[in-house]
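>>> Okay, here's the prediction I keep looking at, along with the sequence it came from:
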Amino acid sequence: MVVSHRFVVVAGAFITCLIIANIIAVKLISIGGLILPAAIIIFPVSYIFGDILTEVYGYRWARRVIWLGFFCNLLAVLAIWLGGLLPSAPVCGSQQAYETILGYAPRLLIASFIAYLVGEFANSFILAKMKIRTKGRWLWTRTIGSTIIGQGLDSTLFIIVAFAGTQPWGILGTMILTHWLVKTGYEALATPFTYAVVNYLKKKEGIDTYDYDTSFNPFLVTR
């Protein structure tokens, strides 16, 4: 496939949503009595763009973007960490404020990276397989079905790796369920947007990829 500017835009949006989510996740917000990280407003959008990538361009290209997103996020984390290590200028504000807003606990970083890779690859794999099974029909079943699994794995892994041993298992279970339901509901509400973008891209690109002969090994980024 010749990479088009439309593909670059979708891939860029996917990666941007991911990096923004990790930066703003430090803030907790309250919606209807639910305590959630501020990342909830943008992180599910990365799954929407992930669905669009797989549906239009196929698993091969989605796999490359998922890894690109991982390394872009890693680069952002390293830059923020190095910025925190450098001495503050006298005219600068509090170093503590920088570390409070942009600092990452190693355990949270590990949880975030693991959950991201497992969740995104599961989401892309299931969508690609369901597309073959449904012969390209019922897009909504693929976008929502893949999100139920992908976001479920993402929420479960992140909460357990990040907080196991610090909270009772009952509370962790409630946190996992809350995150999973909110993210999945977000995706379901965005279905009309997903349909519009998918239909536009398929028409403009002149492609509708089916992964019949694709290797689903997540590490084969060059094939």
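Thanks, I have it. Residues are numbered from 1 along each chain as shown.
>>> any idea where the helices of this structure begin and end?
5-24, 43-57, 59-85, 95-102, 106-134, 139-163, 169-189, 191-205 (DSSP state H).
>>> can you redo these as a markdown table with mean neighbour count?
The C-beta positions use only the backbone N, C-alpha and C, and glycine is treated the same way. Shown next, in a markdown table, are the helices of the chain (neighbours: other Cβ atoms under 10 Å):
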| stretch | mean neighbour count |
| --- | --- |
| helix 5-24 | 18 |
| helix 43-57 | 25 |
| helix 59-85 | 17 |
| helix 95-102 | 12 |
| helix 106-134 | 19 |
| helix 139-163 | 21 |
| helix 169-189 | 16 |
| helix 191-205 | 14 |
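>>> Out of those, point me to the one whose mean pLDDT is lowest.
Summarising mean pLDDT across the helices of the chain, the least confident stretch is helix 95-102, with a mean of 81.
>>> What helices and strands are in contact with it?
Packed against helix 95-102, as judged by 3 or more Cβ pairs under 8 Å, 6 or more residues apart in numbering; DSSP states H and E, are the following elements: helix 59-85.
>>> re earlier: quick check: which of the helices of the chain is nearest to residue 212?
If you check each of the helices of the chain against residue 212 by Cβ to Cβ, helix 106-134 wins as the nearest, at 6.6 Å.
>>> quick one, the closest one and helix 169-189 angle?
Taking axes from the mean of the first three to the mean of the last three Cα atoms, to 10 degrees, one finds that helix 106-134 is oriented at 50 degrees with respect to helix 169-189.
>>> From the contact counts, what lies against helix 106-134?
helix 43-57, helix 59-85, helix 139-163.
>>> With distance to residue 196 as added columns, please give the ones you listed in JSON lines.
Listed next are these as JSON lines, based on distance: least, Cβ to Cβ, whole Å:
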{"stretch": "helix 43-57", "distance to residue 196": "10"}
{"stretch": "helix 59-85", "distance to residue 196": "19"}
{"stretch": "helix 139-163", "distance to residue 196": "11"}
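>>> for the ones you listed, which one sits closest to residue 218?
Within the helices and strands packed on helix 106-134, the stretch nearest residue 218 is helix 59-85; the backing value is 6.2 Å (Cβ to Cβ).
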